[in-house]
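In: sharing a model prediction with you, sequence too.
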Amino acid sequence: MSRDDAERLYPGFPGSNANEHLRTIPACAALGMAQRASLGGPIVTSLDAKLPAVRDAAGRVSRGAALVLADQATASGVFASLSQPTPMMTLDLRVDWFGPLPDGTLDCAIDDVVREGDLALARGRLLADGVPVGAALARYLIGSMPGGGGHRIEDRREILPPSDVATFALYLDAISSPDGLMMRPRSEHVGAPLPAYHGGVIAALLEHAAVLAIDTSFRPIDIEVRFLAPARAEHPLIARVIPRRTGRRAATIDVEAHQGDPAKPVAIARMLAISDAAGDVQAFELPRP
């Protein structure tokens with residue numbers, strides 16, 4: 001067995017090839033995701049830096065695209081801890097930003113996975129040329145899939161192409177509506193084969209709605225998303241902003257997503273933004289006891 005034979009090293013990866021499996025998930029294929037793993041090294045998932053669909057208007061990797069990456073990468077970490085492919089669903093996702101995202105490549109390396117029964121927690125870092133630009137933390141429920149049913153995640157076979165849109169905002173395809181920011185369904189938004197929206201795409205819509213609601217002098221430094229119910233990808237998803245507090249240096253914004261009934265949200269999020277300018281990232285290795 002090769003040190004780089006990820007499928008034999010980690011039999012919990014769905015399918016016979018981890019990269020091919022990613023390209024059968026519409027939202028992952030659209031953003032050109034790829035995965036690599038080796039014995040003694042981390043599970044690393046990447047975006048295709050050459051794709052305009054992963055970028056914002058300034059040409060940097062979009063925070064929304066980074067959220068899709070963080071959601072999928074942490075799931076891959078959990079798959080790597082399993083003895084066979086098993087369905088699971090995201091319970092919550094938190095990402096902390098350490099400054100601007102890069103105009104080059106972006107990786108998400110998973111540092112560890114902790115499991116307790118059917119609960120799993122995965123932690124990782126978003127890296128630009130090895131420099132941390134964010135941290136990801138997600139919890140999953142193993143053995144469940146959005147919407148239930150007998151879908152087998154390893155049965156998807158069709159290899160899908162990357163998105164041809166010009167920016168990540170166009171990939172989301174969200175417009176203002178009387179109820180909030182509405183994301184119109186696209187086949188490229190699908191994650192689970194229900195079909196359901198990819199958890200990272202839901203997180204990206206919530207983040208996008210929150211950013212539009214704050215002054216441009218503020219920058220997001222974290223977002224935490226809790227997934228309450230499956231969001232069916234045949235219907236629009238509406239994000240409704242609930243401002244909590246805006247001060248001179250910090251603002252807290254809540255966002256809810258629903259599919260027609262505001263009293264039945266499918267996901268909720270809280271974002272913290274600050275007015276301080278971004279500084280240099282410093283990483284410190286602390287002594288271990």
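Out: Yep, it's here.
In: can you tell me how far residue 280 is from residue 233?
Out: Taking C-beta to C-beta, to the nearest Å as the criterion, residue 280 is separated from residue 233 by 40 Å. Backbone N, C-alpha and C define where each C-beta goes, glycine included.
In: which of those two has more residues huddled nearby?
Out: Here residue 280 and residue 233 are set side by side on neighbour count (other C-beta atoms under 10 Å), and the busier one is residue 233, at 25 against 7.
In: now do the contacts for the more buried one.
Out: Residues near residue 233 by C-beta atoms under 8 Å, 6 or more residues apart in numbering: 185, 187, 189, 190, 194, 195, 196, 197.
In: okay, now the spatially closest residue to residue 256 that is not a sequence neighbour: neighbour count?
Out: Counting by C-beta to C-beta, 6 or more residues apart in numbering, residue 265 is the residue found nearest to residue 256 once chain neighbours are left out, at 4.3 Å. Around residue 265 there are 20 other residues, counting by other C-beta under 10 Å.
In: equivalent analysis for residue 215, please.
Out: The local packing count at residue 215 equals 9, with neighbours defined by other C-beta under 10 Å.
In: now do residue 194
Out: Tallying neighbours of residue 194 according to other C-beta under 10 Å, which is how burial is gauged here, yields 18.
In: so residue 230: helix, strand or coil?
Out: Reduced to three states with DSSP: H, G, I helix; E, B strand; the rest coil, the structure at residue 230 is coil.
In: what sits against it?
Out: The neighbours of residue 230, taking C-beta under 8 Å, 6+ apart as the test, are 146, 147, 192, 194, 196, 266.
In: now with 10 Å?
Out: The contact partners of residue 230, by C-beta atoms under 10 Å, 6 or more residues apart in numbering, come to 89, 145, 146, 147, 148, 192, 194, 195, 196, 197, 259, 266.
In: just among these, which is most surrounded?
Out: Most crowded among these, counting by other C-beta under 10 Å, is residue 197 at 32 neighbours.
In: stretch 37-48: end-to-end distance?
Out: This stretch, stretch 37-48, spans 17 Å end to end (C-alpha to C-alpha, to the nearest Å).
In: can you give me the buried ones in that stretch?
Out: 37, 42, 43, 44, 45, 46, 47, 48 (16 or more other C-beta atoms under 10 Å).
In: these: which two are farthest apart?
Out: Taking C-beta to C-beta, the two most distant members of those are 42 and 48; they sit 19.4 Å apart.
In: show me where this protein has strands.
Out: Assigned by DSSP state E, the strands in the chain fall at 34-36, 43-46, 88-97, 107-116, 119-128, 131-142, 174-177, 180-183, 219-227, 237-246, 250-258, 267-274.
In: can you list the strands that the first one pairs with?
Out: Right, strand 34-36. strand 43-46 (antiparallel) (DSSP bridges).
In: could you do the fourth one as well?
Out: Sheet partners assigned to strand 107-116 using DSSP bridges are listed as strand 43-46 (antiparallel), strand 119-128 (antiparallel).
In: can you pull the buried residues of that strand?
Out: Residues of strand 107-116 classed as buried: 107, 108, 109, 110, 113 (neighbour count, 16+ other C-beta under 10 Å).
In: isn't residue 232 right up against residue 146?
Out: Yes. With the criterion set as C-beta atoms under 10 Å, residue 232 and residue 146 qualify as a contacting pair; they are 8.9 Å apart.
In: anything in contact with each of those two?
Out: Jointly contacting residue 232 and residue 146 under the rule C-beta under 10 Å, 6+ apart are 194, 195, 196, 197, 266.
In: pLDDT score assigned to the second one?
Out: Think residue 195. According to the prediction, residue 195 has pLDDT 89.
In: ditto for the last one
Out: Looking at residue 266, its pLDDT reads 97.
In: contacting residues around it?
Out: For residue 266, the contact set (C-beta under 10 Å, 6+ apart) comprises 146, 196-197, 202, 227-232, 237-238, 256-259.
In: closest one of those residues to residue 62?
Out: Nearest to residue 62 among those is residue 202, at 15.0 Å by C-beta to C-beta.
In: what sits against that closest one?
Out: Contact partners of residue 202, counting by C-beta under 10 Å, 6+ apart, are 67-68, 71, 90, 93, 183, 189, 191, 196, 225, 227, 231, 237, 239, 257, 266-267, 269.
In: recalculate using a threshold of 6 Å.
Out: Contact partners of residue 202, counting by C-beta atoms under 6 Å, 6 or more residues apart in numbering, are 231, 267.
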